[in-house]
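Engineer: Quick one, structure for this:
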Amino acid sequence: MSNQPVGIPIPGGHTMRARWLRPATANPNKAAVIAIHDIFGYTDDIERIAQRLADNGYPVLVPDLYDLPGSKALCVVKTLKAHETGKGPAFEQLEACRHWLLDQDEEPVEQIGVMGFCMGGRFAVLYASQAPVQVVAPFYGGIPKKAKSIEGICPAVGGWGRDDVLYGDHGERLASHLDKLGVPHDVKTYDNVGHSYMNNHQGFIFKKLGPLPPLRSRFDANASEDSWQRVLVFFEKVFSGEITAAG
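Structural biologist: Numbers count the residues shown, from 1 in each chain. Alright, predicted model coming up:
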């Protein structure tokens, strides 16, 4: 198992920071995962999540989407704008990650999944609707209102917490879209669970202010573990060919 910093060339000549985690024994399906951080950016928590994927045999690339040319504040603004519009530098960054995974020679990679949380969950859904990735795992991100906005999406596995006033019904929205599009999915909405239930940030804002309305953000061990089991089973079925985009 290794965990090292890498640089991902992105359009415009900038090199974006990322972490590259390689498992002790890689999965036989030649599959890797791009893990997309939440609104807090690259933290110990997204590295913890990436570590779990690597422990289960997946090489993982974790980009810092806030690493763009210019001031940190401007980079955050650009990323959040892309989050709302569905286009912009963040999608170029994710596409650069996909190419980097396919081109690197440390791990054999022929298939790619995308997993994202909160802000990263929406990015994962929108990117998976644009790019030739095999599976997407979005968690508690905002979902477009119309199914046609995510036409082209691959099989999906994800989760939302019903206590989240802003996004708690977006999991059911996504499931409905996927049903209309005929895309295989395992999307679950958990009762008595809020936003960010798979994230376990240790900072003051998350611990003290997160549980307050409207998001009611808090780590939930039971919902998190159930989600992990669903993700790992679904990933294996997709990457092995048991589940395909056509069902």
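Engineer: how close does the most centrally placed residue in the chain sit to residue 220?
Structural biologist: Nearest to the geometric centre of the chain sits residue 116, at 1.6 Å (CA atoms, centre = their mean). Per CB to CB, to the nearest Å, residue 116 is found 18 Å from residue 220. Backbone N, C-alpha and C define where each C-beta goes, glycine included.
Engineer: Same question for residue 132.
Structural biologist: Distance, residue 132 to residue 220, using CB to CB: 33 Å.
Engineer: Compare neighbour counts for these two and give me the winner.
Structural biologist: residue 220 (19 against 10; other CB atoms under 10 Å).
Engineer: pretty sure the more buried one contacts residue 190?
Structural biologist: Yes - Residue 220 is within contact range of residue 190, at 7.3 Å (criterion: CB atoms under 8 Å).
Engineer: Which neighbours do those two have in common?
Structural biologist: 161, 197 (CB atoms under 8 Å, 6 or more residues apart in numbering).
Engineer: At which residues are the strands of the chain located?
Structural biologist: Assigned by DSSP state E, the strands in the chain fall at 2-9, 15-22, 31-36, 60-63, 111-117, 135-139, 156-161, 185-190.
Engineer: For residue 136, which non-adjacent residue is closest in space?
Structural biologist: Of all residues beyond its chain neighbours, the one nearest residue 136 is residue 128 (3.7 Å), with distances taken as CB to CB, 6 or more residues apart in numbering.
Engineer: Mind pulling the model confidence for that neighbour?
Structural biologist: We note a pLDDT of 98 for residue 128 in this prediction.
Engineer: and the longest helix for this protein?
Structural biologist: As assigned by DSSP state H, the longest helix anywhere in the chain is helix 221-239.
Engineer: Give the other helices and strands that it contacts.
Structural biologist: strand 31-36, strand 111-117, strand 135-139, strand 156-161, strand 185-190 (3 or more CB pairs under 8 Å, 6 or more residues apart in numbering; DSSP states H and E).
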